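J.: Below are the sequence and a predicted model; questions follow.
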Amino acid sequence: MSVFERMLNTQALMFIYVVMGILMAKTKILKHEARSSFIRLLLDITLPCMILNSFNVEIGIEELISAGKIMLISFVCTLIAWSTAKILWRNEPKNRKAVLEFATLFSNAGNAGLPIVSSVFGAEGVFYASFYLIPIRVFIWTLGLSLFVDEVNFRARMKILARTPSLVVVFVGLGLMVLPFKLPSVVSVAVKNIGDMTGPLSMMLIGAALGESDIRSAFDFGAFKLTAVRLGVMPVLYIFLLKYAGVEAILWQVVVVLTAMPAAANTEIIAEMYGKDYQFAARCVVVSTIISLVSVPVLTLLF
């Protein structure tokens, strides 16, 4: 199976989950008032388990050095994306601004990116991608979440962030990586299985949010602007910066593939949780996911 076919299958699978969510909303299987409970299940249980599972690995000194390089690149790229988002979306309405900034900063690298990296670069690529995502996950639940929190008092905002399970579990996971013991096997299996629910559940909730909106407004201009930045501007910018800065080929190529993924699936979930324009967020995720079916393999022609 070609790289294009594998990528197409992965992205198409997520789109099927979205369609299922739309059908669940249209048929009232998943009602609006019940969706908040599923959002809490996702944010407080399945997503933290998925994150914790990604940290449950053994590493040596050489791997730590390589991991440090890719994590530094991740940190720099996030700052570049943050600066870009602040400039591009500075005049957008408040409820959309948070969505646009978050979706510019964070792609669906975990759910969609890792399978693509695995098919293109093999185990070595997955290793680098896993560590590239560590700073991203920290940023999602600190810088990213702060975009949606209206509380202007710094202490109050930090209290909100400190109570976020997905942020807490990042630091628990980092501790597991350096400690001489790992989770018991039965616990590891349970954590992995619960975490595996995150992808399908998040995409179905996105579909349910879309199902409540007027289908004629599903593809608005704002979603296409975000998609152009998410799938085109940011990956091409990183190719130019990293390739010509002399970064090892496999490192910058993994970074570009992960960056070229559609908007993070949890953009809609967090937007709804904090009272922002979650229907617009869902449109951004769906539009970018559909277009990424073509844009990602085309982008690899620049490698």
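T.: Here it is on my side, so go on. Residues are numbered from 1 along each chain as shown.

J.: do you know how far L72 is from G110?
T.: 20 Å (CB to CB, to the nearest Å). C-beta: built from backbone N, CA, C; applies to glycine.

J.: more neighbours, these two?
T.: Taking other CB atoms under 10 Å, L72 and G110 do not tie; G110 has more neighbours (25 against 12).

J.: confidence score at that one?
T.: Model confidence at G110, given as pLDDT, is 73.

J.: OK, contacts around it?
T.: By CB atoms under 8 Å, 6 or more residues apart in numbering, the contact set of G110 is 50, 54, 133.

J.: In JSON lines: the residues you listed, plus neighbour count and distance to F121.
T.: Output for the contacts of G110, formatted as JSON lines (neighbours: other CB atoms under 10 Å; distance: CB to CB, whole Å):
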{"residue": "M50", "neighbour count": "24", "distance to F121": "21"}
{"residue": "S54", "neighbour count": "19", "distance to F121": "17"}
{"residue": "L133", "neighbour count": "21", "distance to F121": "14"}
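
J.: now stretch 263-276: how far from the chain's centre is it?
T.: 11 Å (CA atoms, centre = their mean, to the nearest Å).

J.: what does stretch 97-115 give?
T.: The answer for stretch 97-115 is 4 Å, by CA atoms, centre = their mean.

J.: phi, psi of the residue of the chain positioned farthest from its centre?
T.: Distance from the C-alpha centroid of the chain, by CA atoms, centre = their mean, peaks at P180 (29.7 Å). Main-chain dihedrals, P180, degrees, to the nearest 10: phi -80, psi 10.

J.: just A263 next, same as before
T.: Torsion angles, degrees, to the nearest 10, at A263: phi -60, psi 140.

J.: picking that back up, what separation is there between the residue farthest from the centre of the chain and M71?
T.: Counting by CB to CB - P180 and M71 are separated by 22 Å.

J.: Against which helices or strands is the longest helix anywhere in the chain packed?
T.: Ranked by residue count under DSSP state H, the longest helix found in the chain is helix 61-88. Packed against helix 61-88 by the contact rule (3 or more CB pairs under 8 Å, 6 or more residues apart in numbering; DSSP states H and E) you find helix 94-105, helix 114-139, helix 234-238, helix 249-259.

J.: rank the ones you listed by pLDDT, which is bottom?
T.: Taking the mean pLDDT of the helices and strands packed on helix 61-88, helix 114-139 comes last: a mean of 79.

J.: For that helix, which residues meet the burial criterion?
T.: Across helix 114-139, burial judged by 16 or more other CB atoms under 10 Å covers 114-117, 119-121, 125, 127-139.

J.: Could you give the average pLDDT over the following helix or strand past it?
T.: For helix 114-139, the following helix or strand on the C-terminal side (DSSP states H and E) is helix 145-146. The average of the pLDDT scores along helix 145-146 is 82.

J.: Checking K276 next. Helix, strand or coil?
T.: For K276, the assignment made with DSSP: H, G, I helix; E, B strand; the rest coil gives coil.

J.: quick one, helices of the stretch 201-303 of the chain?
T.: With helices called from DSSP state H, counting those that start in this stretch, the stretch 201-303 of the chain shows them at 221-228, 234-238, 249-259, 266-273, 278-299.

J.: Could you say which of these is packed most deeply?
T.: By mean neighbour count, with neighbours taken as mean count of other CB atoms under 10 Å, helix 266-273 ranks first of these at a mean of 26.

J.: what's the angle from that one to helix 278-299?
T.: With axes from the mean of the first three to the mean of the last three CA atoms, to 10 degrees defining the directions, helix 266-273 sits at 170 degrees from helix 278-299.

J.: List the contacts of helix 266-273.
T.: By CB under 8 Å, 6+ apart, the list of residues contacting helix 266-273 reads 35, 39, 42-43, 47, 98-99, 102-103, 106, 140, 144-145, 148, 202, 205-206, 209, 277-278, 280-282, 284-285.

J.: now swap in stretch 87-94 and tell me
T.: Against stretch 87-94 from outside (CB under 8 Å, 6+ apart): 96-97, 100-101, 104, 222, 229.

J.: before we move on, what about stretch 225-236?
T.: Contacts of stretch 225-236 (CB under 8 Å, 6+ apart): 81, 84, 88, 100, 103-104, 107, 256, 259-260, 262-263, 284, 287-288, 291-292, 295-296, 299, 302.
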